[in-house]
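Give me a 3D structure for the following:
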Amino acid sequence: DARWWHTSLAVPIDKHQSVSLFYHRFDFGNLNITSVQSPEFIGTAKPYQFVFGGAYKRELTSGFSLGIALKYYYENQNASNNVPSGFNHRTAKAYVGDIGVSYSKNLFSSELSHGSLSLSTSVTNLGTWIETSDGFIQQVPRSIQFGAAYSQEFLHSTRWQRFNGLIAFLNWLCVSEIMG
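Next up, the predicted model:
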């Protein structure tokens with residue numbers, strides 16, 4: 001049974017900047033070990049990986065923000081007491097960072113509502129390569145991400161307006177899942 005844990009803590013420094021700490025852990029569950037020479041069951045592994053890190057965010061100008069995160073990645077591929085002797089116990093680690101920028105602009109404001117638009121981009125996993133305990137080295141998968149969001153807040157919300165907001169969110173959620 002695979003399991004995922006995530007915890008984080010964010011603390012504002014002042015109204016323009018904040019810091020955070022985070023921890024992600026993914027346990028793959030019990031996996032049966034086989035080999036090319038011995039395709040039958042020869043043991044059980046409980047691999048897991050975790051990422052621990054910290055982030056800093058600062059609003060540079062009105063609406064324009066910059067964020068950076070530093071992360072330590074660790075993977076234990078054969079964590080178990082039931083791994084057969086002679087089987088390679090393999091761990092991996094890497095130090096990486098992310099950087100992102102975001103821009104938000106209020107588009108309109110009235111007595112009933114106000115709306116804003118946000119645009120963001122980030123580059124993730126810049127840093128060292130993953131190095132395993134047995135000397136294998138590979139590049140950490142990097143990515144560039146772009147995002148946009150429109151937000152409208154109703155100042156004197158009625159049930160009908162809250163219902164419309166829920167329908168709009170569910171529609172966005174469906175489109176996000178389809179677009180991947």
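
Chain neighbours aside, what residue packs nearest to the most centrally placed residue in the chain?
Closest to where the C-alpha atoms of the chain average out (C-alpha atoms, centre = their mean) is His24, at 8.3 Å. If the residues on either side of it in the chain are set aside, His24 comes closest to Val51, at 4.6 Å by C-beta to C-beta, 6 or more residues apart in numbering. Every C-beta, even on glycine, is put in place using the N, C-alpha and C of the backbone.

thinking again about what came up before, okay, and the residue nearest to the centre of the chain sits in which element?
His24 belongs to strand 17-27 when assigned by DSSP states H and E.

so what strands line up beside that strand?
Paired with strand 17-27 in the same sheet, following DSSP bridges, are strand 3-14 (antiparallel), strand 48-61 (antiparallel).

tell me which residues of the helix or strand harbouring Ala92 are tucked away?
Ala92 belongs to strand 91-109 when assigned by DSSP H and E. Neighbour counts over strand 91-109 (16 or more other C-beta atoms under 10 Å) mark 91-92, 94, 96-98, 100, 102, 104 as buried.

Neighbouring strands - and their directions - for that strand?
strand 64-76 (antiparallel), strand 113-127 (antiparallel), strand 130-132 (antiparallel).

pLDDT of the helix or strand just after the shortest one, averaged?
By that I understand strand 130-132. The helix or strand immediately downstream of strand 130-132 is strand 137-138, counting by DSSP H and E. Strand 137-138 carries an average pLDDT of 86.

Could you export the strand holding Ala92 as PDB, CA atoms only?
Once non-C-alpha atoms are left out, strand 91-109 reads as follows in PDB (Å, rounded to 0.1, in the frame of the first residue of the first chain):
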ATOM      1  CA  THR A  91      20.200   4.900  -1.600                       C
ATOM      2  CA  ALA A  92      20.100   8.100  -3.600                       C
ATOM      3  CA  LYS A  93      20.400  11.800  -2.800                       C
ATOM      4  CA  ALA A  94      20.400  15.200  -4.400                       C
ATOM      5  CA  TYR A  95      20.300  18.900  -3.500                       C
ATOM      6  CA  VAL A  96      18.000  21.000  -5.700                       C
ATOM      7  CA  GLY A  97      16.300  24.400  -5.800                       C
ATOM      8  CA  ASP A  98      13.200  26.000  -7.400                       C
ATOM      9  CA  ILE A  99      12.600  29.600  -8.400                       C
ATOM     10  CA  GLY A 100       9.400  31.200  -9.400                       C
ATOM     11  CA  VAL A 101       7.800  34.500 -10.100                       C
ATOM     12  CA  SER A 102       4.200  35.600  -9.900                       C
ATOM     13  CA  TYR A 103       2.300  38.700 -11.000                       C
ATOM     14  CA  SER A 104      -1.200  39.700  -9.800                       C
ATOM     15  CA  LYS A 105      -3.300  42.600 -11.000                       C
ATOM     16  CA  ASN A 106      -6.700  43.800  -9.800                       C
ATOM     17  CA  LEU A 107      -8.800  44.100 -13.000                       C
ATOM     18  CA  PHE A 108     -11.900  45.800 -11.600                       C
ATOM     19  CA  SER A 109     -13.700  46.700  -8.400                       C
END
